[in-house]
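Colleague: Everything below, folded, please.
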Amino acid sequence: MPAEVCLNNLNNKRLVVRFCCGGLMRFLSHQETVTAIERTIRRSGLSVTFTQGFHPRIKVSYSPAIPTGVASLAHYVLLETDEKNSDPVSLLNSAANYTLRALSSWYLSSDHKRIEDFIDSYRMVLVLPRELYDPNLYDAGVEVTKKTKSGQRDYLAGDVFQDISVTTLKTVYMVKYSQPVDSMVPAEEMLKILSKEGTASHEGVIVFVEEGLLRGKYTSNILDEIGGI
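Modeller: Below is the predicted model:
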């Protein structure tokens, strides 16, 4: 391989950053969240690559959209960069909003082009008051609905709420389940199933994305195993 090609492969790296997004910022749309992350990157001075032209944009790919209103510990971005920083997380958080924070980062080889290649599902968490909800009411055969631009799409609960686990605490249940990114049915549909009153009240309910998954394995663990550069 020519020396200049080897040099390019070494210099042209990919940086993956895992962000969390909560507080009022969870009500931003996916595009608004993207804008907030890009502003944080620009303000931080992190070394990233930009597109050419009159309106340069950061060369970046984002993990699949998370429903508006849901807090997340798994907003992943993959950035193109030609210079490594010793501590990207601290640099980003020096310019970040307190409800949008960088959690961890990995430098990968230039072979990795898209963050979507590391995520096919999200691991969701519901914290439910025990006096209002009962996980034993779950029925995989119940029809649930996702609104789309052209109307709505119906699924069986068992097809979109997968690998369910329940932890019983003193006053709440912690219900975890996985959802494929191409069928992100709102948590309200799960609340309707588990509610003792048959409603989707958010009273006392906490919902957030815990992690990304690829074929059942946490995205962060996969990135750890790749090892970075």
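
Colleague: For this protein, give me the ranges with low pLDDT.
Modeller: 1-12, 228-229 (pLDDT under 70).

Colleague: mind listing the helices for it?
Modeller: Using DSSP state H, the helices of the chain run over 3-11, 30-44, 88-93, 157-160, 187-194, 219-226.

Colleague: Identify whichever of the ones you listed lies nearest to residue 75.
Modeller: Set against residue 75 and scored by C-beta to C-beta, the helices of the chain come closest in helix 30-44, at 6.8 Å. (Each C-beta comes from the backbone N, C-alpha and C, glycine too.)

Colleague: Show me what counts as buried in that closest one.
Modeller: For helix 30-44, the neighbour count (16 or more other C-beta atoms under 10 Å) marks 33-34, 36-38, 40-41, 44 as buried.

Colleague: Nearest to residue 137 among the residues you listed?
Modeller: Nearest member of the buried residues of helix 30-44 to residue 137, counting by C-beta to C-beta, is residue 33, at 33.0 Å.

Colleague: picking up where we left off before, just the helices of the chain: most buried one?
Modeller: helix 187-194 (a mean of 21; mean count of other C-beta atoms under 10 Å).

Colleague: In the protein, spot the strand with the most residues.
Modeller: strand 71-81 (DSSP state E).

Colleague: between that strand and helix 30-44, how many degrees?
Modeller: Angle of strand 71-81 versus helix 30-44, following axes from the mean of the first three to the mean of the last three C-alpha atoms, to 10 degrees, is 60 degrees.

Colleague: Right, I'll leave it there.
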